[in-house]
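> Quick check, what structure comes out for this input:
(one chain, ligands or ions: 1)
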Amino acid sequence: MAKKKSSNNDFIMTIEDDDQFSDNMEEDIEEQQEQPSKKSKKKQQQQPERDFDHQFTFAIDGGGTIGIAKPWDFTAARDMLKQRAVEHADIDDIISNKRKQVKKEKKMAKALEQAQADDDEQPDAVLDDEDDDVAADGFGGGAKDTVRKEEENEEEEDSDDDTESEDDGQDDMVRGGQESDDDVEETEEERQRKEAYFAPEAENETQEHQTFTTMNVSRPILKGLSNMGFIKPTDIQSRTIPIALLGKDICGGAATGSGKTAAFVIPILERLLYRPRQTASTRVLILCPTRELAAQVHSVASKLGTFTDITFCLCVGGLSVKKQEADLKLKPDVVVATPGRLIDHLRNSMGFGLDSCEILVMDEADRMLEDGFADELGEVIKACPSSRQTMLFSATMTDNVDQLIRMSLRNPVRLFIDKTNQAASRLVQEFVRVRANREGDRSSILLALCRKVFKHNTIIFFQSKAAAHQMKILFGLVGLNAGELHGNLTQEQRLASLEQFRDGQIDYLLATDLAARGLDIKGIDTVINYNMPTQFAQYLHRVGRTARAGRNGRSVTLVGEQDRKMLKMAIKSAEKSQVKNRLLRPETVQKYRAKIDSLSTQIKEVLQEEKEERALRMAEMELKKSENMLEHSQEIYSRPARTWFQTETEKKAAQQEKKPEQFKKKKDASNPNEVHGRYDGLSRKKRRRLQAMDEDEDMEKDARKQVLAAKRHKKSTKPRKIKA
Ligand SMILES: Nc1ncnc2c1ncn2[C@@H]1O[C@H](COP(=O)(O)OP(=O)(O)OP(=O)(O)O)[C@@H](O)[C@H]1O
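Numbers count the residues shown, from 1 in each chain. Next comes the predicted model:
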């Protein structure tokens, strides 16, 4: 067995800078990373010593021991979930029914063939769950000659199986049209500006701390740390905590999974232990770019603060505003929020403000400084006192003075651990070449990788919500256990997917960049990039979902011709021995393409059924809403109207304004009288909501008219009083 493994290793090769993807490379698929079967995995989970992490070793990049307690959960978020109005058939039900149907058809076809006694004919492999033939068809076998022959006969690309429409570009976090990060030489002028802006280098230096005890951390927090299994501080923690305790502004950068969350949470808790307790007030605000990340940070902070009297509140979109309003009224010490919902509360929740905010933290700060968040951030900063302490953190932290000035930092201390813009040291980065004329093979490559090599604990990133969803259907139809995570799901579905993935109930999480930053899911072995992201920082965050806290991990990226620049950056920033080229045999890819082609009708049918189901659900929801409006109209209309910082249209207009001239949407010059409709420029979701509200209002008016008409009618039929 061991021998076999070592021979397979030969097929994974280190990419040299000058030999990337040479054209005559043989193609095969590597099996060395055989993952444990589900059965043995389950068995392992049942063993009492599961709490011990046998993989653990101290890493140079600051990994420590892994906590015994579950590091985080969605308890707070789940408590705030809104009631779902109407139950509906799940996409999993639709896929499962379709799968049963396909299996039945396949069985019938087989029976028919047998009846015809056509022994030589191979049955069409529509669904092949066991997939034994994949193993037999030469994964890992020497395929040099065959490949060469095949390459000579290579047919013209047929991209008809390319079901992945990557062009909707609607993702919350997917941004187009931006320049990819590049090595930009720092000018002397910029260097001098930085010198003047940041605190002197001498202030960055702190004594080396081997334990938390030497850092003046109080007992209740030490207890919280030990409860989480944190014994030794990671590098970013031992550098940050002493400086943050002094109240200085910090601009911190360290690799993904190196413990930045605790690096800012510990000094916050420590400082809060000494707060005056006469009157409650919100003293700390932690901002995160996504709801799930905020929920995670909230959970980690609450767990670290278990043995203190510090109170926490989670304020993110998608969860009940009312519950959050009630929590904010109690003036929690720490608020963890996403910017949009926080501003909503600042504007509309009576009595909530940030006047007493003493510490502002921005997790994934470089993301928050980008367009889309910048205006909201300005609004939040305006609401905080200027005397506050500000701390910014990210694995791809910028030290660009122009960007940081917007945060009104005061002489921040720059704490960058090792080289920034580098992946975790224990990450093996693999790349699979997708030739220019074979872009349509991406799905087949992915399916081959997942069926044969990466069988569990794998997160797969897609460029669009539609692509992630279509892959979910395809995975379901071939019997792969997958969940999705993107902005088209309800908050409840988003939380459920993450929990199922965390608990090993699903093997694959099909996600957009919504899950790229900050999420810390223990045990992710592999990250697959279906597409190379357009920004290098984004690549680092995605692959950073694995190889965390001193663990090993692997990323596999499908690289097209257009991604050469990004590939070069990845290779340049990594240790040579950590970069590999993964090869797949063309016949394997072809086999999976045939499989996908054979399922194209079923995929369309599932999508159609889902569409019909959604339409039905919408109709039911609207009916329910109208009933509610009629029943509770007085109460609804008596509520004070909520105000918004920016409507979706204003937000878009602001973004448009900031775009370079060539990317701006042009007005139709031939039509000077162009008039904007009420729903113009709104997202589909907003438009539907607005339309529904308008319809509700119309119905309400109609109902009122009817009541008035009935009253008038009653009055007119009353016998008139007889005058005396
Ligand atoms: N001192 C420590 N000892 C052991 N484990 C730790 C320690 N500090 C943090 N960890 C663990 O390391 C993992 C990564 O931590 P965290 O999520 O804070 O990383 P991060 O640097 O914020 O990553 P990202 O850049 O992806 O957001 C978590 O599972 C956390 O529990």
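
> Surely Q207 and I243 touch.
No - shown here, Q207 and I243 do not form a contact pair, counting by C-beta atoms under 8 Å, at 11.2 Å. All C-beta atoms are positioned from the backbone trio N, CA, C, and that covers glycine.

> Between those two, tell me which one has more neighbours.
Neighbour count, other C-beta atoms under 10 Å: between Q207 and I243, I243 has more, with 21 against 8.

> dump the residue contacts of the more buried one.
E203, N204, T206, I250, V413, L415 (C-beta atoms under 8 Å, 6 or more residues apart in numbering).

> And for I381?
If you count contacts by C-beta under 8 Å, 6+ apart, I381 has them with L360, R406, M407, S408.

> follow-up on the earlier one: what two of the contacts of I243 are the furthest from one another?
Spatial extent of the contacts of I243 (C-beta to C-beta) is set by the pair T206 and I250 at 11.8 Å.

> more crowded one of those two?
I250 (25 against 16).

> For the more buried one, grab phi and psi.
phi -130, psi 140 (degrees, to the nearest 10).

> any idea which helix or strand carries the nearest residue to it once chain neighbours are set aside?
Leaving aside its chain neighbours, I250 sits nearest to M391 (4.4 Å; criterion: C-beta to C-beta, 6 or more residues apart in numbering). Secondary structure assigned from DSSP states H and E places M391 in strand 389-394.

> Find the residue ranges of this protein scoring beneath the pLDDT cut-off.
1-71, 82-89, 115-185, 206, 420, 640-724 (pLDDT under 70).

> Could you break it into its assigned domains?
206-416, 427-598 (automatic domain parsing).

> Just send those domains back as JSON lines, with distance to the ligand too.
As requested, the domains of the chain are exported to JSON lines (distance: least, C-beta to the nearest ligand atom, whole Å):
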{"stretch": "domain 206-416", "distance to the ligand": "3"}
{"stretch": "domain 427-598", "distance to the ligand": "3"}
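
> Which other helices and strands does the biggest helix by length in the chain contact?
In the chain, ranked by residue count with DSSP state H as the criterion, the top helix is helix 600-638. Using 3 or more C-beta pairs under 8 Å, 6 or more residues apart in numbering; DSSP states H and E, the elements in contact with helix 600-638 are helix 91-115, helix 465-477, helix 684-717.

> Quick check: neighbours of whatever helix or strand comes next after the shortest one in the sheet, parallel or antiparallel?
In this case it means helix 465-477. Using DSSP H and E, the helix or strand that follows helix 465-477 in sequence is strand 482-485. For strand 482-485, the paired strands and their directions (DSSP bridges) read strand 508-511 (parallel).

> With just CA atoms, put whichever helix or strand comes after the strand it pairs with into PDB.
Toward the C-terminus, strand 508-511 is succeeded by strand 526-529 as the next helix or strand (DSSP H and E). Taking C-alpha atoms only, strand 526-529 is exported to PDB below (Å, rounded to 0.1, in the frame of the first residue of the first chain):
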ATOM      1  CA  THR A 526      -9.300  21.000   0.700                       C
ATOM      2  CA  VAL A 527     -10.200  24.200  -1.000                       C
ATOM      3  CA  ILE A 528     -11.000  24.000  -4.700                       C
ATOM      4  CA  ASN A 529     -11.200  27.100  -6.800                       C
END
